[in-house]
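J.: Quick one, what's the 3D model for this:
(2 chains)
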Amino acid sequence: MNSFKQLVSLLLVLNSVLYVNTLRAELIIDITEGIQSTHKIAIVPFAMHAAASDKEMEVISQIISADLRGSGDFSVLAKDEMLSAPTQAEQVKYRHWAVTGQDYLVIGSILKQGKLYKIKMSLFDVVKKQQINELLINVESSSLRKAGHYLSDAIYKTIMGINGVFSSRIAYVTSSELANKKKQYSLFVSDYDGHNAVAITKSNEPLMSPAWSPNGLHVAYVSFENKVSEIFVQTLSTGSRRSVAKFKGVNGSPAWSPDGKKLAITLSKSGNSDIFILTLANASVKQLTRSWAIDTEASWSPDGDSILFTSNRGRGAQLYIMPSNGKGTAERLTFEGDYNARGSFSKDGKRVVMIQAEKGNYRVAVLDVEKQQTTILSEGRADESPSFSPNGQVIIYARRKAGKEILSLVSVDGLKKQDIKSSSGFVREPAWAPKAK
Amino acid sequence: MTIKSKGLMALLLVLALSACSDKVVKPQSGEQGALINSGAENSAYDGGTDLLVETVAIGQGMDQVTELMQSDTFSNPNSPLSKRVIYFEYDSSNVKAEFVPVVEAHAVYLVNNPNQAITLEGHSDERGTREYNIALAEQRAKSVFNMLQVLGVMSHQVDVVSYGEEKPEAMGSDEAAFQLNRRVEVVYK
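T.: Sure thing, here's the model as predicted:
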């Protein structure tokens, strides 16, 4: 029951998160191609007890269904194909699920007590004919979606053996044209599936390069609101923010160190774009690269010892890596393709995701650092801004489609692809938040 | 327009041109007008010359005469100062030979008007990553800046800001749009 108490407090913390305003632009995940689901699962609508509305009852099983289907690893049985609708373990008849070829079954119930919803979820292995997980959680009404994602994560972990991404969040930038022809740029934070989208800042001048702090509490970004580039760090819970870099020239590409104490940033105050390390506590900056060339798009290795960055010091843009303490020289990391840029490490440090150009097509590519093998994962002409999911299994990126900019998901093996539909025509620069602790 | 004001305009035009380089760039095709207006945050750009001339002809003092001179100099297609966009090759920040006279004309004007300040706005096409394009577009603006400095413009007269691919001039994902987007805009303050 300890983990159960932890969950309740976690949900209450999440629930208390306030944002500066509530402008919404919801994204909807749209499975487009290449899904080869490996597991068949049935999710029975949860039973309702005492004053929970139909909508509240439905939401949990709907979220779980959407999460698991969206992961590409599951196909979910349609409700009208279910032969029975058990809500308690004693009611489960395995043959009802085996006959439709199901591997797994999820049942549950929701009990409303005062302001709290007590949600019980049971997971069964249909083939082995046994219950393999059971969870009981208490949440307030406003946290029902979070509860659904939490249960999806638990189911995914039990079956797949790795963490799901269903409780994670993303940040992204949208642009639109207002009636007065001015541009409106917005930086949004939302659930990974686009729900609960909140604009954390807006401007008539460009917003760029959102980056999550490792603890998921702050977002650093670039704003041109003062007609020059400037880096801000904003605290999500309060909406308060501070300017951390406003030097002459470029202030760009913020990247948090794994300990959350520093930002690697790009400044051009020394003449052209170089990488600097900004210590947040005392606002000191230390120059890391000193070349005549463009050095930008820094990213930390998971251990914090190295900085990966883009440089055109050779011929064209390529990725380089150097010690983050500045003691040592930069070594070139990429050799395939005409252009490799905006690299970032997977959490285990084994892979680097980047944009690679070949014959004028800019695509998402993953480099296996040890094997030095590159796999191209996307098919666009101007794909951008790839970001690893917290479990390292999925990459979110921006692509252009029919004159619009949309977000898209691709699995690291390139087999599963999904577009994320949006009500806004121009959605870009997705950044997947680290897993909330 | 009165004869008097026409005469004044002609005089001012002569004055303005004599302040410029002797390399006069011929106006280009029709798209030029659209490009000039695009960067316009300054009312002196918007070609309302006739109206201004009428106002000034009544005689309101030298400040307005100076304003007229700028207005006419910048909007007259025969003036090299009417060109305020410099275009670049892909992934390059070298000022092409055909745009050197444009930069020179702005340099002469700025040297002769030491209180005049400009912003050089660097831009790129959409290809490549956004932050790399910020750096690339800044290099483009700095190439122009360096050329202006060599020609005697004081550094305090020039601000540089790079927008990378964030403010495209032309929508579209073809080379025609890319060409128009790889640019440095000279914005008079």
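
J.: Around residue A:372, count how many other residues there are.
T.: As a burial measure, residue A:372 scores 11 neighbours (other Cβ atoms under 10 Å in any protein chain shown). Every C-beta, even on glycine, is put in place using the N, C-alpha and C of the backbone.

J.: Could you report the distance from the closest residue in space to it that isn't next to it in sequence to residue A:314?
T.: Take residue A:372 and drop its neighbours on the chain: the residue closest to it by Cβ to Cβ, 6 or more residues apart in numbering or on different chains is residue A:335, 7.9 Å away. With the distance defined as Cβ to Cβ, to the nearest Å, residue A:335 ends up 10 Å from residue A:314.

J.: and if you look at residue A:393?
T.: The gap separating residue A:393 from residue A:314 is 32 Å, by Cβ to Cβ.

J.: can you check residue A:338 too?
T.: Applying Cβ to Cβ, the value for residue A:338 to residue A:314 is 11 Å.

J.: For the two, indicate the residue with more neighbours.
T.: More crowded of residue A:338 and residue A:314, by other Cβ under 10 Å: residue A:338, with 16 against 12.

J.: beta partners of the residue nearest to the more buried one when sequence neighbours are not counted?
T.: Leaving out its chain neighbours, the residue that sits closest to residue A:338 by Cβ to Cβ, 6+ apart is residue A:357, at 5.2 Å. With DSSP bridges as the criterion, residue A:357 is bridged to residue A:339, residue A:362.

J.: Quick one: end-to-end distance for stretch A:201-216.
T.: Using Cα to Cα, to the nearest Å, one end of stretch A:201-216 lies 17 Å from the other.

J.: and that stretch, how far out from the chain's middle?
T.: Its chain's C-alpha centre and that of stretch A:201-216 lie 14 Å apart, by Cα atoms, centre = their mean, to the nearest Å.

J.: how about the nearest residue to residue A:106, chain neighbours excluded?
T.: Distances taken as Cβ to Cβ, 6+ apart put residue A:43 closest to residue A:106, at 4.5 Å, once the chain neighbours are dropped.

J.: confidence score at the one you found?
T.: Residue A:43 is assigned a predicted lDDT (pLDDT) of 96.

J.: ok, it - how many residues close by?
T.: Using other Cβ under 10 Å, residue A:43 is surrounded by 30 other residues.

J.: surely it meets residue A:74?
T.: No - counting by Cβ atoms under 8 Å, residue A:43 stays clear of residue A:74, with 9.4 Å between them.

J.: anything in contact with each of the two?
T.: residue A:68 (Cβ atoms under 8 Å, 6 or more residues apart in numbering or on different chains).

J.: Name the residues of chain B found near chain A, please.
T.: B:91, B:126-132, B:134-136, B:138-139, B:142, B:160-163, B:166-167, B:171-173 (Cβ under 8 Å from any Cβ of the partner chain).

J.: helices and strands of chain A: which one has the lowest mean pLDDT?
T.: Of all helical and strand segments in chain A, the minimum by mean pLDDT, DSSP states H and E falls on helix A:2-15, at a mean of 41.

J.: that's a helix at residue B:144, yeah?
T.: Yes - under DSSP: H, G, I helix; E, B strand; the rest coil, residue B:144 falls within a helix.

J.: which ones are touching it?
T.: Neighbour list for residue B:144: B:86, B:95, B:103, B:120, B:184, B:186 [criterion: Cβ under 8 Å, 6+ apart].

J.: The stretch 201-350 of chain A against chain B: which residues are in contact?
T.: A:206, A:208-209, A:224, A:227-229, A:249-250, A:252-253, A:266, A:268, A:272-273, A:294-297, A:310, A:312, A:316-317, A:339, A:341-342.

J.: where along chain B do the strands fall?
T.: B:85-87, B:118-123, B:158-164, B:183-188 (DSSP state E).

J.: nearest to residue A:102, of those strands?
T.: Minimum separation from residue A:102 across the strands of chain B (Cβ to Cβ) falls at strand B:158-164, 50.7 Å.

J.: Which strands border the closest one, and is each parallel or antiparallel?
T.: Counting by DSSP bridges, strand B:158-164 is paired with strand B:118-123 (parallel).

J.: list the buried ones in the partner strand?
T.: Within strand B:118-123, the residues scored as buried using 16 or more other Cβ atoms under 10 Å in any protein chain shown are B:118-123.

J.: contacts for it?
T.: Counting by Cβ under 8 Å, 6+ apart, B:39, B:106, B:110, B:136-142, B:144-145, B:157-165, B:167-169, B:181-189 sit against strand B:118-123.

J.: just for chain B, where's the confidence low?
T.: Scanning chain B for pLDDT under 70 picks out B:1-73, B:75, B:78.

J.: Kindly report the domain assignment for it.
T.: According to automatic domain parsing, chain B comprises the domains B:1-79, B:84-189.

J.: The host helix or strand of residue A:409 and chain B in contact?
T.: Assigned by DSSP states H and E, residue A:409 belongs to strand A:404-411. No - Strand A:404-411 stays clear of chain B (Cβ under 8 Å from any Cβ), getting no nearer than 9.4 Å.
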